[in-house]
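Participant: take a look and give me a structure for this.
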Amino acid sequence: MDEILEFLRVFFGALPKQLYEFFTKFGISIKKVPQGVLYSGIPVKVGDDVYALIKDGKEIFRGTKKEIDELAEKLKKMSDKEAKKYIDDLIQFDFLKKIGVQEKAMSLFLKGETVTFEFLSKTGGYVSGFLTKTPYEVQSYIFYINDKTGKALKSFLEYREKSSMIASSFKISTLELGGSSIINPDVLKMVTKMGFEKKIIDVPKSLGGKNGEKMEIFVKKFNVK
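Facilitator: Below is the predicted model of the structure:
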């Protein structure tokens, strides 16, 4: 019977039984996500099987069969202590992934270094910028919003939401949003009305900034629950 069930799992594209058992030992259950959902602002192709990892009633990761399997293989190479720590950090990594931080840069962000991000908004515009985490606040600044649909304002609000979720996941109550160059009149009008102010900052060395090189941005601090 077990062999028949395993055959049906493979035939219908389900995850192998061993994968469910592996994550169970970490207190994680796997739930299949309905096809056609949006993930990281990008529509999942019809036919792709997408799964969510659930721990303590909260989703900590979402990915395709291949991504779930790759995560399991990565955890198998770690000690139990390392694996548990990595799982605890997954929700933070997932929010960083959603805003477009590269996986190799995530550990740098955790150390307080400035990292870049880019994501495709739900309106089809690219949002690019950089992030820094301090013990007291998360700083999230935009390079540009390349939205030719005329809906740059919606892209900005999506960027704000993603940035807020990052701060919240690290239990940091202050988020500073900013834009290095705001040329869209709708966005400029909105940030001015919201009380954003000009600020001069050093160009981060991790972004190629030289000693003494400055840049002008509009910033405002927000409280995060």
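Participant: now do the longest helix anywhere in the chain: which elements does it pack against?
Facilitator: What stands out as the longest helix in the chain, according to DSSP state H, is helix 80-99. Helices and strands touching helix 80-99, as assessed by 3 or more C-beta pairs under 8 Å, 6 or more residues apart in numbering; DSSP states H and E, comprise strand 58-64, helix 65-76, helix 103-110, strand 115-120, helix 152-169. (C-beta placed from N, C-alpha, C; glycine too.)
Participant: rank the ones you listed by mean pLDDT and give me the bottom one.
Facilitator: Of all the helices and strands packed on helix 80-99, mean pLDDT reaches its minimum on strand 58-64 (a mean of 81).
Participant: name the residues that touch it?
Facilitator: Judged by C-beta atoms under 8 Å, 6 or more residues apart in numbering, the contacts made with strand 58-64 from elsewhere in the structure are 28, 33, 39, 44, 48-54, 68, 71, 87, 90-91, 94.
Participant: ok, now how distant is F222 from D202?
Facilitator: To D202, F222 is 22 Å away according to C-beta to C-beta, to the nearest Å.
Participant: picking up where we left off before, now the longest helix of the chain: buried residues?
Facilitator: 83, 87, 89-99 (16 or more other C-beta atoms under 10 Å).
Participant: check pLDDT for those residues and point me to the minimum.
Facilitator: I91 (78).
Participant: what sits closest to it if chain neighbours are left out?
Facilitator: The shortest distance from I91 to any residue that is not its chain neighbour, by C-beta to C-beta, 6 or more residues apart in numbering, is 4.7 Å, and that residue is I60.
Participant: I appreciate the help and will end here.
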